[in-house]
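K.L.:
Next comes the sequence, and after it the predicted model I'd like to discuss.
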Amino acid sequence: MDIKKRLTDALADVFAELKITPEVEITVRPSSVKKFGDYQINCIMQIASQLKISPLSLAERIAEHLRKTPTYQHTVSHIDVVAPGFINLFLNDDALAKMLEVALADDRLGVENVISKTIVVDYSSPNVAKEMHVGHLRSTIIGDAVVRTLNFLGHHVIRANHIGDWGTQFGMLIALLEEQQHESSRSLSGLEAFYREAKRRDETDPAFSKKAREYVVKLQQGDAHCRTLWKQLVHITMEQNQRTYQRLNVTLGPQDIMGESLYNPMLPGIVDDLLTRGIAEESRGAVVVYLPEYQNKEGESMGVIIRKKDGAYLYTTTDIACAKYRYETLHADRMLYYIDARQHQHLMQAWAIVRKAGYVPPEVSLEHHMFGVMLDKSGKPFKTREGGTVKLSDLLDEAVFRAAQIVSAKSPHLDAGEQRYLANAIGIGAVKYADLSKNRTTDYVFDWDNMLSFEGNTAPYIQYAFARIASILRRVTTDRISGPVVISNDKEHTLAVKLLQFEETLHRVAKDGTPHVMCAWLYDLAGAFSRFYTDCPILNALEPAQTASRLKLAELTARTLKMGLTMLGIDVPERM
Ligand code: ARG
């Protein structure tokens with residue numbers, strides 16, 4: 001029940017009837033100002049200027065036709081044409097009530113399954129033998145929310161955890177792992193320390209570094225001993241990361257790992273192919289692709305190296321192979337990459353080569369959904385007091401610790417177990433929501449007090465809105481009469497319209513890959529409910545029929561809030 005889509009489709013039919021094929025998109029969008037109606041048609045001025053006719057008379061003609069379409073007769077109570085060329089649509093209360101009943105009777109809240117596409121989502125993608133850092137946090141959280149949304153809408157989603165599990169650094173890492181295993185059977189304790197130690201030895205101990213070089217070659221040749229050690233490193237790292245995924249309530253699992261090593265066998269063939277087709281050329285021993293669309297200061301096309309002089313392949317080569325694989329082998333119709341903004345140029349270059357070579361056809365989109373870095377309150381990159389990168393597990397511990405203090409102050413009546421559960425739900429939820437609710441292309445300021453506040457667009461605010469309704473519903477005795485939803489005033493009307501915008505919100509998140517749209521809508525929904533609840537008594541309504549109807553509105557609000565938070569992977573406690 002996508003109202004926006006219904007209205008838009010009917011409008012498109014009217015344009016067809018009038019034999020107008022506009023070059024701009026036909027748009028009907030929800031309105032936030034009451035006097036402009038519930039939805040507004042706002043594409044008329046642009047179309048009129050294209051056609052060189054008066055927007056107002058075009059709007060009037062369109063309105064006249066719209067009034068005759070069945071969709072508008074069912075769902076719209078009146079249509080206002082306003083200068084200079086807008087059409088405001090006011091939805092019909094009976095139609096709203098009927099749609100709410102449909103949503104109430106459906107586990108999916110009336111959201112339809114779409115014709116499914118195969119969509120690959122590249123997200124999280126940490127590096128082996130390193131701790132996940134805050135940059136991976138953003139990718140992991142945002143990517144997972146989009147994955148959940150796409151899945152719910154019915155798409156076939158392939159999660160791709162493009163871990164950094166290949167490269168020359170593995171020589172020194174497996175050499176050190178081998179040594180430590182001789183010493184004792186203990187596994188890597190701190191990954192960061194392990195990595196640093198391998199590096200130190202590689203730089204200071206010639207025998208060690210010689211062995212490291214040998215091991216790189218052996219590993220690449222598929223030597224069994226080296227491969228076993230390498231697999232162990234990957235395993236230990238990903239086991240640790242898996243615990244973080246679980247804490248974050250992120251749906252990634254071991255089956256989603258598609259690391260850089262997967263594409264390694266494809267690389268020689270790709271370089272050869274690009275060379276023979278004249279897309280790449282040799283330049284001082286290296287293999288380079290020149291891209292005229294990327295120019296340096298002197299106006300020369302930029303050369304992207306895909307194989308170094310020593311025969312080594314690069315991160316770019318891997319991403320070329322990776323896109324090719326996702327199209328050819330995984331049959332992706334669309335690919336989304338959640339990677340921070342600093343890798344934008346890298347991806348654009350890799351994809352320019354991919355397109356040039358025709359490895360992925362133009363109708364399959366390659367989308368870089370980038371985001372900025374996390375800043376501290378003073379606007380500097382987020383670091384520990386000592387200036388190191390913040391470990392994700394430490395960050396989550398602190399979130400839960402801070403939330404626990406709030407919970408014990410606010411909800412002393414709950415028992416210890418419940419308080420622990422709540423602290424976790426609120427703490428982790430707050431960190432996730434703070435990230436998800438920001439428009440993700442920009443840097444964002446990480447501020448504990450803001451994100452844990454019960455006021456404003458935060459996880460605790462939305463979670464509390466849900467818990468409050470759940471508590472109202474718990475007070476209802478079962479023998480209360482039931483009855484249909486009736487929309488009888490303004491506050492109910494606004495709440496109803498918001499509730500029914502769940503589906504179009506999901507579609508926007510899916511299309512643009514932007515979970516902040518979901519957060520903004522949840523915040524609006526919670527606000528609409530709160531204004532409804534202030535003005536419209538539920539259990540003490542004048543008429544029993546009113547109580548019945550309002551209870552249904554409350555129930556649907558609770559279920560919708562819960563579903564929305566679930567799309568973000570945020571826990572929804574029943575009591576707070
Ligand atoms: N491992 C990389 C990093 O930590 C991110 C990989 C992103 N995905 C990709 N296809 N390049 O920076």
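P.N.:
Sure thing, it's come through. Residues are numbered from 1 along each chain as shown.

K.L.:
which SS class is the residue of the stretch 251-400 of the chain found nearest the ligand?
P.N.:
In the stretch 251-400 of the chain, the residue found nearest to the ligand is residue 339; the distance is 4.5 Å by CB to the nearest ligand atom. Using the backbone N, CA and C atoms, a C-beta is placed for each residue, glycine as well. Of the three states, residue 339 takes strand under DSSP: H, G, I helix; E, B strand; the rest coil.

K.L.:
Okay, now the sheet partners of the lowest-mean-pLDDT helix or strand in the chain, with direction.
P.N.:
Every helix and strand in the chain was compared by mean pLDDT, DSSP states H and E; the lowest is strand 444-445, with a mean of 82. Using DSSP bridges, the strands paired with strand 444-445 are strand 374-375 (parallel).

K.L.:
which stretch of helix or strand covers residue 282?
P.N.:
Here residue 282 sits within strand 281-283, counting by DSSP states H and E.

K.L.:
cool, residue 159 as well?
P.N.:
Per DSSP H and E: strand 156-160 holds residue 159.

K.L.:
Now do the same contact list for the closest residue in space to residue 324 that isn't next to it in sequence.
P.N.:
Counting by CB to CB, 6 or more residues apart in numbering, residue 359 is the residue found nearest to residue 324 once chain neighbours are left out, at 4.0 Å. Neighbouring residues of residue 359 by CB atoms under 8 Å, 6 or more residues apart in numbering: 320, 323-324, 327-328.

K.L.:
Now the phi/psi pair for residue 568, please.
P.N.:
Main-chain torsions, residue 568, degrees, to the nearest 10: phi -90, psi 0.

K.L.:
ok, it - contacts?
P.N.:
By CB under 8 Å, 6+ apart, residue 568 lies in contact with 145, 148, 432-433, 436, 515, 518-519.

K.L.:
what does residue 308 give?
P.N.:
Taking CB under 8 Å, 6+ apart, one finds 286, 314 in contact with residue 308.

K.L.:
what do you get for residue 354?
P.N.:
320, 323-324, 360, 366.

K.L.:
from these, which are also near the ligand?
P.N.:
Residues of the contacts of residue 354 in contact with the ligand (CB under 6 Å from any ligand atom): none.

K.L.:
Name the member of those with the most neighbours.
P.N.:
Ranked by the number of neighbours (other CB atoms under 10 Å), the contacts of residue 354 place residue 320 first, at 29 neighbours.

K.L.:
show me what contacts that one?
P.N.:
Taking CB under 8 Å, 6+ apart as the criterion, residue 320 is in contact with 270, 306, 350, 353-354, 357, 359.

K.L.:
mind redoing it with 6 Å?
P.N.:
350, 353-354 (CB atoms under 6 Å, 6 or more residues apart in numbering).

K.L.:
In strands, which of these fall?
P.N.:
Among those, none falls in strands (DSSP state E).

K.L.:
what does the stretch 251-400 of the chain have sitting close to the ligand?
P.N.:
Residues of the stretch 251-400 of the chain lying near the ligand by CB under 6 Å from any ligand atom: 319, 322, 337, 339.

K.L.:
Now do the last one, the pLDDT please.
P.N.:
The predicted local confidence for residue 339 comes out at a pLDDT of 94.

K.L.:
That one - how many residues pack around it?
P.N.:
What residue 339 shows, counting by other CB under 10 Å, is a neighbour count of 23.

K.L.:
Repeat that for the second one.
P.N.:
Using other CB under 10 Å, residue 322 has 23 other residues around it.

K.L.:
Which residue is the nearest non-sequential neighbour of it?
P.N.:
Distances taken as CB to CB, 6+ apart put residue 263 closest to residue 322, at 5.2 Å, once the chain neighbours are dropped.

K.L.:
A helix includes that neighbour, no?
P.N.:
Yes: judged by three-state DSSP, residue 263 forms part of a helix.

K.L.:
was I right about it contacting residue 321?
P.N.:
Yes: the criterion here is CB atoms under 6 Å, and residue 263 meets it with residue 321 at 3.9 Å.

K.L.:
before we move on, the earlier item: partner strands of the strand holding residue 282, with direction?
P.N.:
Strand 281-283 has the following sheet partners, assigned by DSSP bridges: strand 286-295 (antiparallel).

K.L.:
neighbouring contacts of the partner strand?
P.N.:
With CB under 6 Å, 6+ apart as the criterion, strand 286-295 contacts 271, 279-280, 301-309, 352-353.

K.L.:
can you give me the helices in the stretch 251-400 of the chain?
P.N.:
Under the criterion DSSP state H, counting those that start in this stretch, the stretch 251-400 of the chain contains helices at 267-276, 315-328, 344-357, 392-410.

K.L.:
Any idea which of those gets closest to residue 503?
P.N.:
For residue 503, the closest of the helices of the stretch 251-400 of the chain is helix 315-328, at 28.3 Å, according to CB to CB.

K.L.:
what's the angle from that closest one to strand 286-295?
P.N.:
For helix 315-328 against strand 286-295, the angle by axes from the mean of the first three to the mean of the last three CA atoms, to 10 degrees is 80 degrees.

K.L.:
Which positions within helix 315-328 qualify as buried?
P.N.:
In terms of neighbour count (16 or more other CB atoms under 10 Å), helix 315-328 has its buried residues at 316-327.

K.L.:
average pLDDT for it?
P.N.:
98.

K.L.:
again, but for stretch 67-82
P.N.:
Per-region confidence: stretch 67-82 scores 93 on mean pLDDT.

K.L.:
just how off-centre is that stretch within its chain?
P.N.:
Relative to its parent chain, stretch 67-82 has a centroid offset of 35 Å by CA atoms, centre = their mean, to the nearest Å.

K.L.:
and if you look at stretch 262-275?
P.N.:
Centroid displacement of stretch 262-275 relative to its chain, using CA atoms, centre = their mean, is 31 Å.

K.L.:
Relative to residue 86, how far out is residue 60?
P.N.:
Using CB to CB, to the nearest Å, residue 60 is found at 11 Å from residue 86.

K.L.:
Compare these two (neighbour count), which wins?
P.N.:
Taking other CB under 10 Å, residue 60 and residue 86 do not tie; residue 86 has more neighbours (20 against 15).

K.L.:
what's near enough to touch the more buried one?
P.N.:
For residue 86, the contact set (CB under 6 Å, 6+ apart) comprises residue 40.

K.L.:
confidence score at it?
P.N.:
pLDDT, read off for residue 86, is 93.

K.L.:
Likewise for the one 4 residues further on?
P.N.:
At residue 90, the model reports a pLDDT of 97.

K.L.:
On the three-state scheme, it is what?
P.N.:
Of the three states, residue 90 takes strand according to three-state DSSP.

K.L.:
what bridges to it?
P.N.:
Under DSSP bridges, the beta-bridge partners of residue 90 are residue 78.
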